[in-house]
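Sharing a model prediction with you, sequence too.
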Amino acid sequence: MKIHFIAIGGSAMHNLALALHLKGDEITGSDDEIFNPSKSRLEARGILPKTMGWYPEKITSNLDAIVLGMHAKADNPELLKAQELGLKIYSYPEFLYEQSKNKTRVVIGGSHGKTTITSMILHVMHYYNREVDYMVGAQLEGFDVMVKLTDENDFIVLEGDEYLSSPIDRRPKFHLYKPNIALISGIAWDHINVFPTYKGYVEQFSIFVDSIVEGGSITYNIEDAEVKDVVESSENTIRKFPYETPNYSVENGTTLLETEEGPMPIEIFGKHNLNNLAGAKWICQQMGVDEDDFYEAISTFQGASKRLEKIIETETSIAYKDFAHSPSKVLATTQALKNQYPNRKLIACLELHTYSSLNPEFLTEYKGALDAADVAVVFYSPHAVEIKKLKEISAQQIEDAFQREDLIIYTNPTQFKDFLFSQQFENTSLLLMSSGDYGGLDLEEVKGLIS
């Protein structure tokens, strides 16, 4: 097939482009700017656009399909030309469904944990050399690409994002996959720019459950009251498999999972990750991996990229970075690190970086999110607030939202860095939570601090 990508540089888009290129399709694309790692990865495969910008002349009747990225606008000149020519235009999730109509579709949904659960499933399949197609939102050890598509594999495992599909298709991505096997890990209000009410956000998960094909299954976290209600109130004729956090203990910084064969040491830690593990086990069993084999494989899983990813460790100190930004993720991640190393001082630094986290009306959702930290720091950029066209927020609003009087707040990257570099890290855990970079913090310098 000849396929053109409008906005090829996005994380998801460039990975799909690479997957189709490796499958043998002829790929072209455009974007107004492309950053690394997308740029170098596209360049390595010879499909990086020669010049940046939108070129309607690239859109011809010879193309079999257009894949439209969320980054493009509805008046994009290439999109308008494609519509004029009557070409088939797919959103990213529509195209993935089109490529997997004849496969067993496994879709992992949830406000948090979906990347980790998807990664766990793929790790287990990779451990046993079981070939599956997939789409995951993180770079995984042992996997060259984040999207894989073939003609022959029976299963495809998809991370089910609830964000919108494209500028001209305002449905959440995970509504379009029509899963045979599905999972919901948790529901916590997010993406308030497109789901301004909690009720409206939760409704997207009800639609997801109802989109599961007849006779399919939903595996769900019964410890989450909202998930339990959404799944158990659905009248869809599907099988329902609840799961909960398994028994575990922590000894000298090592997490031990209770199994029928006795306590088993695992690489990951934190109650939320043990809960994710339980969900992944249920899905793997439905994909033909029995419990004992699952445990053997999962004992070697070290986590998804940017999810409690270890930066450096010494005899008395350790530092992690994490993608956590929503309140539920910040709470779970901070508690996990404190529980793993209860006798160490925990310095937890959070960057408010996303649209939701910088919204004054949403800030109150962070109440207690950093309570497990001995030293709690919040960094945000007033410039980021301005770019997102949001109301200005003050340090007092942030302190009131977190309800922690000793909360340390920075808006200047240099001052934040100076604070960090002034700390003593003896007998300390450092946690850096952000989907940004604290205004340019160099993690290599952070490693030098602790070592």
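On my side now, so go ahead. Numbers count the residues shown, from 1 in each chain.

all strands for the stretch 51-200 of the chain, in order.
Taking DSSP state E, counting those that start in this stretch, the strands of the stretch 51-200 of the chain run over residues 65-68, 89-91, 104-109, 133-135, 147-148, 155-160, 164-166, 169-172, 181-184.

partner strands of the second one, parallel or antiparallel?
Meaning strand 89-91. Sheet pairing of strand 89-91 (DSSP bridges) gives strand 65-68 (parallel).

on that earlier part again, could you redo the strands of the stretch 51-200 of the chain as CSV and give each row mean pLDDT and distance to residue 340?
Where C-beta positions appear, they are placed from N, C-alpha and C, glycine not excepted. Shown next, in CSV, are the strands of the stretch 51-200 of the chain (pLDDT from 0 to 100; distance: least, Cβ to Cβ, whole Å):
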stretch, mean pLDDT, distance to residue 340
strand 65-68, 98, 42
strand 89-91, 97, 40
strand 104-109, 98, 25
strand 133-135, 96, 29
strand 147-148, 92, 32
strand 155-160, 97, 26
strand 164-166, 91, 36
strand 169-172, 93, 34
strand 181-184, 98, 25
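
I'd like those strands laid out as a markdown table, including distance to residue 372 and mean neighbour count.
Listed next are the strands of the stretch 51-200 of the chain as a markdown table, based on distance: least, Cβ to Cβ, whole Å; neighbours: other Cβ atoms under 10 Å:
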| stretch | distance to residue 372 | mean neighbour count |
| --- | --- | --- |
| strand 65-68 | 42 | 23 |
| strand 89-91 | 39 | 20 |
| strand 104-109 | 27 | 27 |
| strand 133-135 | 33 | 25 |
| strand 147-148 | 35 | 22 |
| strand 155-160 | 27 | 24 |
| strand 164-166 | 33 | 21 |
| strand 169-172 | 32 | 17 |
| strand 181-184 | 25 | 28 |
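
Identify whichever of those strands lies nearest to residue 446.
Closest approach to residue 446 among these (Cβ to Cβ): strand 155-160, 28.5 Å.

May I see the buried residues of the helix ranked longest in the chain?
In the chain, with assignment by DSSP state H, the single longest helix is helix 271-286. Using 16 or more other Cβ atoms under 10 Å as the test for burial, helix 271-286 gives 272-284, 286.

Closest to residue 390 out of those residues?
Nearest to residue 390 among those is residue 272, at 28.5 Å by Cβ to Cβ.

what about the longest strand in the chain?
In the chain, ranked by residue count with DSSP state E as the criterion, the top strand is strand 345-352.

check contacts around the residue nearest to residue 83 when sequence neighbours are not counted.
Spatial nearest neighbour of residue 83, excluding adjacent residues (Cβ to Cβ, 6 or more residues apart in numbering): residue 89 at 7.1 Å. Neighbour list for residue 89: 65-66, 68, 79, 82-83, 168 [criterion: Cβ atoms under 8 Å, 6 or more residues apart in numbering].

just to revisit the earlier point, nearest to residue 199, out of the strands of the stretch 51-200 of the chain?
Among the strands of the stretch 51-200 of the chain, strand 169-172 sits nearest to residue 199 (Cβ to Cβ), with 15.0 Å.

buried ones in stretch 388-398?
Quick answer for stretch 388-398 (16+ other Cβ under 10 Å): 390, 393, 398.

ah, wrong one, I meant stretch 408-415
Buried-residue list, stretch 408-415, by 16+ other Cβ under 10 Å: 408-411.

mind exporting that stretch as PDB, just the C-alpha atoms?
Presented in PDB, the C-alpha positions along stretch 408-415 are these (Å, rounded to 0.1, in the frame of the first residue of the first chain):
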ATOM      1  CA  ILE A 408       8.300  23.900  48.200                       C
ATOM      2  CA  ILE A 409       7.300  25.600  45.000                       C
ATOM      3  CA  TYR A 410       9.500  26.800  42.100                       C
ATOM      4  CA  THR A 411       8.700  28.500  38.900                       C
ATOM      5  CA  ASN A 412      12.300  29.300  37.900                       C
ATOM      6  CA  PRO A 413      14.300  26.300  36.400                       C
ATOM      7  CA  THR A 414      17.600  27.600  37.800                       C
ATOM      8  CA  GLN A 415      16.300  28.000  41.300                       C
END
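
where's residue 240, which helix or strand?
Assessed by DSSP states H and E, residue 240 sits inside strand 239-243.

Look up how far residue 387 lies from residue 349.
For residue 349, the distance to residue 387 equals 22 Å [Cβ to Cβ, to the nearest Å].

who's more crowded, the two?
For residue 349 versus residue 387, neighbours defined as other Cβ atoms under 10 Å are more numerous around residue 349 (24 against 10).

hang on, that one packs against residue 377?
Yes: under the criterion of Cβ atoms under 8 Å, residue 349 lies in contact with residue 377, with a separation of 4.4 Å.

Which residues are in contact with each of these two?
residue 416.

Pull out the buried residues from stretch 42-56.
For stretch 42-56, the buried set under the neighbour-count rule, 16+ other Cβ under 10 Å, comprises 42, 47-49, 54, 56.

can you count the residues close to residue 314?
12.

related to what we said a few turns ago, looking at the buried residues of stretch 42-56, spot the one nearest residue 120.
Distances from residue 120 to the buried residues of stretch 42-56, taken by Cβ to Cβ, are shortest for residue 42, at 28.4 Å.

For my notes, confirm that closest one occurs in a strand.
No: Residue 42: not assigned to a strand; according to DSSP: H, G, I helix; E, B strand; the rest coil it is helix.

would you list every one of the helices in the stretch 101-250 of the chain?
Assigned by DSSP state H, counting those that start in this stretch, the helices in the stretch 101-250 of the chain fall at 114-127, 198-210, 225-232.
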